[in-house]
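Enquirer: Predicted model follows, preceded by the sequence.
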Amino acid sequence: MPLANQTVPKWILPTIVIAQFFCTSLWFAGNAIMADIAQAYEVKASYLGHLASAVQLGFIVGTLVFALLGIADRFSPSKVFFVCALIAALANLVMVFAGLGAGGLILSRAVTGFFLAGIYPVGMKIASDYYQQSLGKSLGFLVGALVLGTAFPHLLKSLPALKWQYVVYATSLLAVAGGLTIRFWVADGPYRKPAQQLNWLAFLKGFKNQNFRAATFGYLGHMWELYAFWVFVPLMLANYQQHYPQLQLPISWLSFCIIGIGSLACVGSGLLSLRLGTKKTATIALGISCTCALLSPLVLLNSSLPLLLLFLLVWGIAVIADSPLFSTLVAQNADGESKGTALTMVNCMGFATTIASVQLINALLNQENAQYIYMLLAIGPIFGLLALLRK
């Protein structure tokens, strides 16, 4: 018989959270050191969008392969997490190799993204195999770890006199530690229902459920905004610095704070969902982030620096607070034997959406429209809100 939530060892969730934080530090390792990479490889600043999209594209391909093969449901999720963490760490380490070239760098980030598909959604699968009654709260901590891991390279880069290569070394080492932690400290959960055979279309089961479809569409709207915001936060700050050259903004440190505060938002939204309900809490967060995108032209070049920073912090909170809630809704409405596959496929669709938004803004962004371009991020949340509010 499965264990009740209260009998799960107390160290299980913190261990998964720490491992997730360690491994997802690989995600934005390239973005945090973009200025150094641009100088080392003699590429243009617009290369940032391509570098970020390479990770996303690799993740999309990875999640598609993992979903079609039912990896997270047919094999031990803990072992899958471990193997993928080691390979992703090695692919990340390739960035420091001499003579890699711009094309090799893109490939390195894409391979890293591919094996992150065995870390982020598989980590959620592991958590859902341990926790059912309080899944929203548990995934709040887990996605919070993802956010902190995403922001962490910016913190490393902000340290004085730290060479960019050491950011790569540190994130790869953390990923190895995270994989080992899951492999030897977290067994497969008591609620796990292993799939008995390969089913190429297992992920389609959930789409027969109207609530599953609504959660998926809400998640897609959320993802349109999320990663584009994270990718372009340093550029928002750099553009502000350019307009007010008398300021000396610590851009890496501020980027870490604006992105990293989302980790607290995920924990808070997970706890708040226990009181307000998962769907209602997600709707509120999505509505706030949508409003921030629409109001961005009024603030991004405002002469008040405190107003700008407060605005970006609020946006950084709202833009991610609904993420664990959408994952909870997807997991709760997915078929039991294909839950891991459903989570992985929905992640695949969500990150495909991020490619579109990042590349769209990257292609259109210029000095003339830098104040207004981020209103485009509201398209996704509007779409998501319509899906959530439909009865």
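Expert: Looks like it arrived, so ask away. Numbers count the residues shown, from 1 in each chain.
Enquirer: use CA for all of it now, contacts and neighbours both
Expert: Fine.
Enquirer: and the gap between Phe66 and Pro121?
Expert: 10 Å (CA to CA, to the nearest Å).
Enquirer: For those two, list the residues in contact with both.
Expert: Thr344 (CA atoms under 8 Å, 6 or more residues apart in numbering).
Enquirer: Could you pull out the buried residues of the helix or strand of the chain with the lowest mean pLDDT?
Expert: Lowest on mean pLDDT, DSSP states H and E among the helices and strands of the chain sits helix 34-41, with a mean of 75. Of the residues in helix 34-41, Met34, Ile37, Ala38 count as buried by neighbour count, 16 or more other CA atoms under 10 Å.
Enquirer: next structured bit after that helix?
Expert: Sequence-wise, the next helix or strand downstream of helix 34-41 (DSSP states H and E) is helix 47-69.
Enquirer: gap between that following helix and the chain center?
Expert: Taking the mean of its C-alpha atoms, helix 47-69 sits 12 Å from the chain's own mean (CA atoms, centre = their mean, to the nearest Å).
Enquirer: show me the contacts for the residue lying closest to Gln248 once chain neighbours are set aside.
Expert: For Gln248, ignoring the flanking residues on the chain, the nearest one in space by CA to CA, 6 or more residues apart in numbering is Gln241 at 7.2 Å. Neighbouring residues of Gln241 by CA under 8 Å, 6+ apart: Leu247, Gln248, Leu249.
Enquirer: Pull out the buried residues from stretch 154-167.
Expert: His154, Leu155, Leu156, Lys157, Ser158, Trp164, Gln165, Val167.
Enquirer: a markdown table please, covering these and showing pLDDT and distance to His222.
Expert: Formatted as a markdown table, the buried residues of stretch 154-167 follow (pLDDT from 0 to 100; distance: CA to CA, whole Å):
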| residue | pLDDT | distance to His222 |
| --- | --- | --- |
| His154 | 77 | 23 |
| Leu155 | 83 | 25 |
| Leu156 | 82 | 28 |
| Lys157 | 78 | 28 |
| Ser158 | 79 | 29 |
| Trp164 | 84 | 31 |
| Gln165 | 87 | 33 |
| Val167 | 87 | 29 |
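Enquirer: Quick one: those as a markdown table, columns for distance to Leu254 too.
Expert: Formatted as a markdown table, the buried residues of stretch 154-167 follow (distance: CA to CA, whole Å):
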| residue | distance to Leu254 |
| --- | --- |
| His154 | 9 |
| Leu155 | 9 |
| Leu156 | 12 |
| Lys157 | 11 |
| Ser158 | 9 |
| Trp164 | 18 |
| Gln165 | 21 |
| Val167 | 17 |
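Enquirer: could you dump the residues you listed to a markdown table with secondary structure and distance to Ser76?
Expert: Formatted as a markdown table, the buried residues of stretch 154-167 follow (DSSP: H, G, I helix; E, B strand; the rest coil; distance: CA to CA, whole Å):
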| residue | secondary structure | distance to Ser76 |
| --- | --- | --- |
| His154 | helix | 33 |
| Leu155 | helix | 33 |
| Leu156 | helix | 33 |
| Lys157 | helix | 35 |
| Ser158 | helix | 38 |
| Trp164 | helix | 36 |
| Gln165 | helix | 34 |
| Val167 | helix | 31 |
